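sharing a sequence plus its predicted fold:
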Amino acid sequence: MTDEADETDDGGWSALAEGWAARWGGVSAPARGALITACAIGPDTRMLDIGCGSGEFLGELGALGARAIGVDSSPGMVALAARHGDAREADAAALPFGDDSFDVVTAVTVLHLTDDLDAAVLECARVLRPGGLLGVAEWGDTGRNDLAVIERALEAALDPDAGEADTHAGATGTQAGPLHPTPLDLALDAAGFRRVSHGEVEVRVRAADAQELAATVLLGEDEATIGELSAVVAAAAEPFREPDGGYEVRGTFRWRVLSWS
């Protein structure tokens, strides 16, 4: 990560906000759409989006007529999100809202990153009305994950001994196996949430050329590091190169909706 990012007190997210919005802000759109449908979000739904990032979801919710508020711990992200709707700086483990304030709370690729996962989950429960819904989504550990192919190649380049064990994993981007409960799943169960629905959706990361793909995958690294590793990224991503020279890297998001009573 760049020195500029390291100087911030929010894990570097403020320094990366613009780049994140441009390269990653739209990636989770299929998962967000699944949550909108599964939670029946519509006009006047009282909504809270935790970890709203650069605010793309806020814009989608506002277009539906939902009364949506987004919170994020990064001031830089909040500044971008405010372009799309009501965005406020707050920690997921200490939400600045009263009990029973929302019909639906959503959290996309964020709760597992919080410093106190159990506290954050309990805060979700506290601000939800009885019978309210919590919708969460993150990268799945089953299904297709082309990014894992690139990540393994980068790990092998940086630490050849560590990467040697992964050389037989192949470059298909397909990961199969049982779905094990994550720490988030366990925290949701412990808090008393009840699963209502769940599923997986495919997401795609697109880049016009190898240089753009390297800058996307290595977002947060300095230009010299990106330059040094761009050939590694391009070689690993060769199976995902399109006829026009661009790249389409696919992955899987796992989503679920839970009820609070």
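Sure, I can see it. The structure displayed is predicted, hence computed values, not measured ones.

so which bits of stretch 75-83 are buried?
If you call a residue buried by 16 or more other CB atoms under 10 Å, then stretch 75-83 has these buried ones: 76-81. C-beta coordinates here come from the backbone N, C-alpha and C atoms, glycine included.

so which of these would you say is closest to residue 52?
For these, the closest approach to residue 52 (CB to CB) belongs to residue 81, at 4.9 Å.

my read: the closest one touches residue 87, true?
Yes: the pair residue 81 / residue 87 is scored as a contact, 3.6 Å apart, by CB atoms under 8 Å.

which residues are common contacts for these two?
Each of 52, 55, 58, 70, 72 lies in contact with both residue 81 and residue 87 under the rule CB atoms under 8 Å, 6 or more residues apart in numbering.

okay, and the fourth one sits in which element?
What it means is residue 70. Residue 70 is part of strand 67-72 when elements are defined by DSSP states H and E.

mind checking how far the helix or strand just after that strand is from the chain centre?
As assigned by DSSP H and E, the chain's next helix or strand after strand 67-72 is helix 75-81. Helix 75-81 sits 16 Å away from the centroid of its parent chain (CA atoms, centre = their mean, to the nearest Å).

neighbouring contacts of helix 75-81?
For helix 75-81, contacts defined as CB under 8 Å, 6+ apart pick out 8, 10, 13-18, 20-21, 52-55, 58, 70-72, 87-89.

let's see that with 10 Å instead.
For helix 75-81, contacts defined as CB atoms under 10 Å, 6 or more residues apart in numbering pick out 8-10, 12-18, 20-21, 25, 49, 51-59, 70-72, 74, 87-90.

just those: which are in strands?
Mapping those onto strands (DSSP state E) picks out 49, 70-72, 87-89.

which secondary structure state does residue 98 sit in?
coil (DSSP: H, G, I helix; E, B strand; the rest coil).

ok, and the closest non-adjacent residue to it?
residue 127 (7.4 Å; CB to CB, 6 or more residues apart in numbering).

phi first, then psi, for that neighbour.
Backbone torsions of residue 127, given as degrees, to the nearest 10, read phi -80, psi -10.

these two touch, right, it and residue 107?
No: applying CB atoms under 10 Å as the test, residue 127 and residue 107 come out as separate, 11.8 Å apart.

from residue 103, how far off is the residue of the chain most remote from its centre?
In the chain, residue 161 marks the outermost C-alpha relative to the chain mean, sitting 29.9 Å out by CA atoms, centre = their mean. Distance of residue 161 to residue 103, computed by CB to CB, to the nearest Å: 52 Å.

same thing with residue 239?
43 Å.

residue 33 too?
18 Å.

do residue 71 as well
In this view, residue 71 and residue 103 are 16 Å apart by CB to CB.

same check, this time on residue 112
Note on residue 112: its distance to residue 103, by CB to CB, is 24 Å.

okay, these two: which has more neighbours?
More crowded of residue 112 and residue 103, by other CB atoms under 10 Å: residue 103, with 20 against 16.

okay, and the more buried one sits in which element?
strand 102-108.

just checking, what packs against that strand?
Counting by 3 or more CB pairs under 10 Å, 6 or more residues apart in numbering; DSSP states H and E, the packing neighbours recorded for strand 102-108 are helix 29-38, strand 46-50, helix 56-63, strand 67-72, helix 117-127, strand 128-139, strand 247-259.
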